[in-house]
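In: below: sequence and its predicted model.
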Amino acid sequence: MYQAFFDESQADAVYLIAGWVAAADEWTKFDAAWNTVLTAKPTIRYFRHHDAKTRKGEFSGWTAEEVDAKLTALVEVICHYDMYGVATGVNTQTWNRAFRSKVLSPKRLRGLLKITHYYESCFHSAIGMVMQRQMELGYVSDVIDLIFDQQDGLLNESMKHYSEFKKAFPSQLQKIAGKTHIGNDRECPALQAADLLAGQLTTMLRSGPAPTYQKLVGCHEVLQTTAYPPGFHTFPALVNAVSWAWNERRNVNAEIAAAERRSRDDD
């Protein structure tokens, strides 16, 4: 049994989902080591990258040196265990332009196209990366479960889509494609490690590769890709076509309704 843990992060127009993949028994050992670092003085109850970066929350009142020392110790835990990372994201401005419609509201467009938010595309891209890598590594009989940090609204729908898509997977992938779960990063060390990776990636995009980031990508393979669906460049034309068809149907329905009213008036 394998498990993949994911969290999301955003830096300006870049949105990404990142996480770590390891065998379940490796995660058990990892959790104990991670919690040991958390409880070492100065103590924190859980790790969040944003809190560490801003010295708020669990890191309120800490010095920059204390934050760096705790962060370094947690990175050492990640590097000590056998795992690999994945990261996938999009430029939100590019994404939103592709789904912009002058005719349809975002809600209406979503009802017609089903998947229109970049979170969902990153969700499925992350899963696809993990499945492909597991097959490449020869883990063809090891089921892998996928655990995502809590996310309002879109996560539940993405999990539903995954369950539907899984039925169409090739037989080899169906053997290893496990269940999706929702986790709580305050309680789950592996999700905190995913948050650390996601945070370091977005920090790197803002200000360049820091030593912590270089350590992470130096001690483990971290696969990185964009989450745009195949043929994404054609999506604006698709949205325009759907908008036109919906508008035409609305006009036809209006004409039919008007004709029916005239017929009733004539009677």
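Out: Yep, it's here.
In: any buried residues in stretch 41-59, and which?
Out: 44, 46-49, 51-52, 58-59 (16 or more other Cβ atoms under 10 Å). C-beta coordinates here come from the backbone N, C-alpha and C atoms, glycine included.
In: all helices of the stretch 101-250 of the chain, in order?
Out: For the stretch 101-250 of the chain, the helices defined by DSSP state H, counting those that start in this stretch occupy 106-113, 118-136, 154-166, 171-176, 189-207, 211-219, 235-266.
In: so for the fourth one, mean pLDDT?
Out: The reference is to helix 171-176. In this model, helix 171-176 has a mean pLDDT of 92.
In: check the first one too.
Out: Here helix 106-113 scores 66 as its mean pLDDT.
In: same check, this time on the second one
Out: When the per-residue pLDDT values of helix 118-136 are averaged, the result is 94.
In: compute the inter-axis angle for that helix and helix 154-166.
Out: Angle of helix 118-136 versus helix 154-166, following axes from the mean of the first three to the mean of the last three Cα atoms, to 10 degrees, is 40 degrees.
In: mind giving me the packing neighbours of helix 118-136?
Out: strand 2-11, strand 14-23, strand 84-91, helix 92-98, strand 144-149, helix 154-166, helix 171-176, strand 222-226 (3 or more Cβ pairs under 8 Å, 6 or more residues apart in numbering; DSSP states H and E).
In: which residues does the fourth one contact?
Out: Meaning helix 92-98. With contacts defined as Cβ atoms under 8 Å, 6 or more residues apart in numbering, helix 92-98 is touched by 10, 13-15, 118, 121, 228, 232, 235-236, 239.
In: return the set of buried residues in it.
Out: Applying 16+ other Cβ under 10 Å to helix 92-98 flags 95, 98 as buried.
In: so what's the residue nearest to residue 181 when sequence neighbours are not counted up against?
Out: Nearest-residue entry for residue 181: residue 147, 4.7 Å, with adjacent residues in sequence omitted and distances by Cβ to Cβ, 6 or more residues apart in numbering. Counting by Cβ under 8 Å, 6+ apart, residue 147 makes contact with 3-6, 180-183, 188, 190-191.
In: could you export those to CSV, including columns for neighbour count?
Out: CSV is the format used below for the contacts of residue 147 (neighbours: other Cβ atoms under 10 Å):
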residue, neighbour count
3, 21
4, 28
5, 28
6, 30
180, 21
181, 12
182, 12
183, 17
188, 20
190, 26
191, 24
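In: turn those residues into a markdown table, including distance to residue 174.
Out: Below are these laid out as a markdown table (distance: Cβ to Cβ, whole Å):
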| residue | distance to residue 174 |
| --- | --- |
| 3 | 18 |
| 4 | 17 |
| 5 | 22 |
| 6 | 21 |
| 180 | 15 |
| 181 | 18 |
| 182 | 22 |
| 183 | 24 |
| 188 | 27 |
| 190 | 25 |
| 191 | 26 |
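In: which one among those residues gets closest to residue 153?
Out: Taking Cβ to Cβ as the measure, residue 182 is the one of these closest to residue 153, at 12.0 Å.
In: the closest one bridge partners, please.
Out: Counting by DSSP bridges, residue 182 forms beta bridges with residue 148.
In: is it correct that it is in contact with residue 148?
Out: Yes: counting by Cβ atoms under 8 Å, residue 182 does reach residue 148; the two are 6.2 Å apart.
In: list the residues that contact both of the two?
Out: 155, 159.
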